[in-house]
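Enquirer: Compute the structure for the input listed below.
(4 chains)
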Amino acid sequence: MIKISIQQEDFDVSSEINSMNSKTIGAIATFSGIVRDSSESSSLISLTLEHYPGMSEAALKKIANAAKREWSLEAVRIIHRVGRLLPEDTIVFVGCASAHRQAAFDGCRFIMDFLKTDAPFWKSEETQEGSFWISEREKDKKASESWLLKNT
Amino acid sequence: MIKISIQQEDFDVSSEINSMNSKTIGAIATFSGIVRDSSESSSLISLTLEHYPGMSEAALKKIANAAKREWSLEAVRIIHRVGRLLPEDTIVFVGCASAHRQAAFDGCRFIMDFLKTDAPFWKSEETQEGSFWISEREKDKKASESWLLKNT
Amino acid sequence: MKILYFAWVRDNIGYSQEELSCPEHVRTINQLVEYLKLQSEGHARAFNDMNAIRAARNQQFVTHDTKLSDADEVAFFPPVTGG
Amino acid sequence: MKILYFAWVRDNIGYSQEELSCPEHVRTINQLVEYLKLQSEGHARAFNDMNAIRAARNQQFVTHDTKLSDADEVAFFPPVTGG
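Expert: A predicted model of the protein is given here:
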């Protein structure tokens, strides 16, 4: 079971985890990405997320499918929020359910690494000094490239 | 902030995640261990968890402290349930909050690996054929030993 | 051809999409960009540094030498920063 | 000396704790086990395979050659299987 949502509204993590549960699952790993109050330069007022509708859903689905196949995951849940968010708001949620814990952890990490480089979302930061588009992080590129190396 | 609970009662994952949140946190990784309906031999009716009161809290605290130090985690939450549990019940919850995602993932995985080998909890399975104590998993020993190798 | 712009590419151009009938010689992403740069100062600014530009054709990431047809949906945007 | 038993070690022995005054020659975990095995058939069964037994002294895991004193809390149990 793969479920992908791109939405403005907040959501309840407990319900998402419950929806992944079943009698054959032994492990659920999750990741929540949170808005921090500091930007690259100064303190942050808000974060706005833009996406490419259609392509963003397809990209997340492709990443989820790859993870599900690689680790025989029983359920994958991805929620990516868009629009204007405030510090402490959740930006993204990834959940992976599996019979065993290593598969759940690996799947979750793989999805986050590729989501950072392969899904068409863009962040702009509103600070006291104005609004700025966030630039690509070299670290994120390396994180997703490291998975490719392992699989060749 | 480190918080450890050993309890019979269920709990709400959303509240636990919210309690770890703060304006300096960018990432929360969690793990939930769930009772599966199949035992080593046949289908499972219930799972009973026993622990060594006093030593179990101390062992979990030691593991949480080691993880917090190694990855500069901002918050660590461990809940281990005891008593009689049914399929789909949560056995254990681990949450790690950090500025960055790799630290949160690593911390969470480290805690689970050591919890499996260094915390005095024991599981017995109730099946149609009777009740049996679960035996140690070689895989779990190797998982926690692999961390030691990295740090030497 | 339908062309979409996102993030600071759109901010520079001033709008988020346009329909264009390209001249015959525009057959790749790179050739499309050269053609678009002539449309306005905003287009020229947006495509000033092509190392900072990513492209998609029919909602799939593509390299800048990818061939195009008039029925394609093409999108230009900075490297992604979601998650 | 306070002695605690958990999981199938306790099931074999039939109770979860006892207070013992050990003879002078019992100074290590291994010596304590040899002494306990004489107490009952249950004790003998519980400690039949010492490779399957873990021990704690004052709530810390210890090896079987660890020295003991009369004020110690000692616990015997199988390898842990929590989480």
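Enquirer: is the helix or strand bottoming out on mean pLDDT in chain A anywhere near chain B?
Expert: Here the helix or strand of chain A ranked lowest by mean pLDDT, DSSP states H and E is helix A:138-150, holding a mean of 78. Yes: applying CB under 8 Å from any CB of the partner chain, one finds that helix A:138-150 is in contact with chain B at residue A:143. Using the backbone N, CA and C atoms, a C-beta is placed for each residue, glycine as well.
Enquirer: what helices or strands is that helix leaning on?
Expert: Helix A:138-150 sits against helix A:101-118, with contacts defined as 3 or more CB pairs under 8 Å, 6 or more residues apart in numbering or on different chains; DSSP states H and E.
Enquirer: Specify the angle between the helix it packs on and helix B:138-150 in degrees.
Expert: Angle, helix A:101-118 to helix B:138-150, by axes from the mean of the first three to the mean of the last three CA atoms, to 10 degrees: 50 degrees.
Enquirer: Local confidence estimate at residue A:41?
Expert: Per-residue confidence at residue A:41 stands at 62 (pLDDT).
Enquirer: Show me what from chain A comes close to chain B.
Expert: When proximity is defined by CB under 8 Å from any CB, chain A lies next to chain B at A:12-14, A:17, A:21-38, A:87-88, A:99, A:101-102, A:104-105, A:108-109, A:112, A:143.
Enquirer: which parts of stretch C:30-49 are buried?
Expert: Buried residues in stretch C:30-49, counted by 16 or more other CB atoms under 10 Å in any protein chain shown: C:31-33, C:36, C:42-43, C:46-47.
Enquirer: Quick one: mean pLDDT for that stretch?
Expert: In this model, stretch C:30-49 has an average pLDDT of 97.
Enquirer: Quick check on residue C:63: phi, psi?
Expert: phi -80, psi 170 (degrees, to the nearest 10).
Enquirer: can you give me the helices in chain C?
Expert: Listed in chain order, the helices of chain C (DSSP state H) span C:7-13, C:29-37, C:41-46.
Enquirer: does the first one come close to chain A?
Expert: Okay, so that is helix C:7-13. Yes: legend: contact between helix C:7-13 and chain A by CB under 8 Å from any CB is shown at C:7-8, C:11.
Enquirer: swap in the shortest one?
Expert: No: in terms of CB under 8 Å from any CB, no part of helix C:41-46 sits within range of chain A; the closest distance is 12.3 Å.
Enquirer: who does that helix touch, helix- and strand-wise?
Expert: When contacts are defined as 3+ CB pairs under 8 Å, 6+ apart, helix C:41-46 sits against helix C:7-13, helix C:29-37.
Enquirer: now for whatever helix or strand residue A:95 lives in, which elements pack on it?
Expert: Element membership for residue A:95 (DSSP states H and E) is strand A:90-98. Under the contact criterion of 3+ CB pairs under 8 Å, 6+ apart, strand A:90-98 touches helix A:13-20, strand A:27-34, helix A:55-71, strand A:75-81, helix A:101-118.
Enquirer: What residues does residue C:81 make contact with?
Expert: With contact set as CB atoms under 8 Å, 6 or more residues apart in numbering or on different chains, residue C:81 has these partners: A:116, A:121-123, A:133-137.
Enquirer: do the same with residue C:11
Expert: Neighbour list for residue C:11: residue A:133 [criterion: CB under 8 Å, 6+ apart].
Enquirer: now the helices and strands packed on strand A:90-98 in CSV, with mean pLDDT?
Expert: Formatted as CSV, the helices and strands packed on strand A:90-98 follow (pLDDT from 0 to 100):
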stretch, mean pLDDT
helix A:13-20, 94
strand A:27-34, 98
helix A:55-71, 97
strand A:75-81, 98
helix A:101-118, 97
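Enquirer: Make CSV out of these and add distance to residue A:44 and mean neighbour count.
Expert: Compiled in CSV, those are given as follows (distance: least, CB to CB, whole Å; neighbours: other CB atoms under 10 Å in any protein chain shown):
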stretch, distance to residue A:44, mean neighbour count
helix A:13-20, 23, 18
strand A:27-34, 12, 25
helix A:55-71, 23, 19
strand A:75-81, 16, 24
helix A:101-118, 19, 23
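Enquirer: And those: which comes nearest residue C:75?
Expert: When the helices and strands packed on strand A:90-98 are compared by CB to CB, helix A:55-71 sits nearest residue C:75, at 7.3 Å.
Enquirer: Could you tell me the angle between that closest one and strand A:90-98?
Expert: Using the same axes, to 10 degrees: helix A:55-71 against strand A:90-98 is 30 degrees.
Enquirer: helices or strands up against helix A:55-71?
Expert: By 3+ CB pairs under 8 Å, 6+ apart, helix A:55-71 packs against strand A:2-7, strand A:75-81, strand A:90-98, helix A:101-118.
Enquirer: So which of those is nearest residue B:73?
Expert: Residue B:73 lies closest to helix A:101-118 among the helices and strands packed on helix A:55-71, at 16.0 Å (CB to CB).
Enquirer: What is the subsequent helix or strand relative to the closest one?
Expert: Using DSSP H and E, the helix or strand that follows helix A:101-118 in sequence is strand A:121-127.
Enquirer: Quick check: the gap between whatever residue of chain C ends up closest to chain D and chain B.
Expert: Going by CB to the nearest CB, chain D is nearest to residue C:83 of chain C, at 28.6 Å. Distance, residue C:83 to chain B, by CB to the nearest CB, to the nearest Å: 8 Å.
Enquirer: Next up, the contacts around that residue.
Expert: Per CB under 8 Å, 6+ apart, neighbours of residue C:83: A:33, A:80, A:91-92, A:112, A:115-116, A:119, A:121.
Enquirer: what's near enough to touch residue A:90?
Expert: Per CB under 8 Å, 6+ apart, neighbours of residue A:90: A:10-11, A:32-35, A:81.
Enquirer: Keep the residues you listed, but drop any that are not near chain C.
Expert: For chain C, the contacts drawn from the contacts of residue A:90 by CB under 8 Å from any CB are residue A:33.
Enquirer: quick one: which of the contacts of residue A:90 is nearest to chain B?
Expert: residue A:32 (4.4 Å).
Enquirer: Tell me, what's the model's pLDDT at residue 72?
Expert: All of this refers to chain A. 92.
Enquirer: oops, I was thinking of chain C
Expert: So residue C:72 comes in at 96 (pLDDT).
Enquirer: do the same with residue A:151
Expert: Per-residue confidence at residue A:151 stands at 52 (pLDDT).
Enquirer: just residue C:10 next, same as before
Expert: On the pLDDT scale, residue C:10 is placed at 98.
Enquirer: If we ignore the residues flanking it in sequence, what's nearest it?
Expert: Distances taken as CB to CB, 6 or more residues apart in numbering or on different chains place residue C:16 nearest to residue C:10, at 5.0 Å, with adjacent residues excluded.
Enquirer: re earlier: now the contacts of residue A:90 as TSV including distance to residue B:67?
Expert: Shown next, in TSV, are the contacts of residue A:90 (distance: CB to CB, whole Å):
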residue	distance to residue B:67
A:10	28
A:11	28
A:32	18
A:33	20
A:34	19
A:35	24
A:81	28
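Enquirer: For the contacts of residue A:90, work out which two are farthest apart.
Expert: The two members of the contacts of residue A:90 with the most space between them (CB to CB) are A:11 and A:35, at 14.9 Å.
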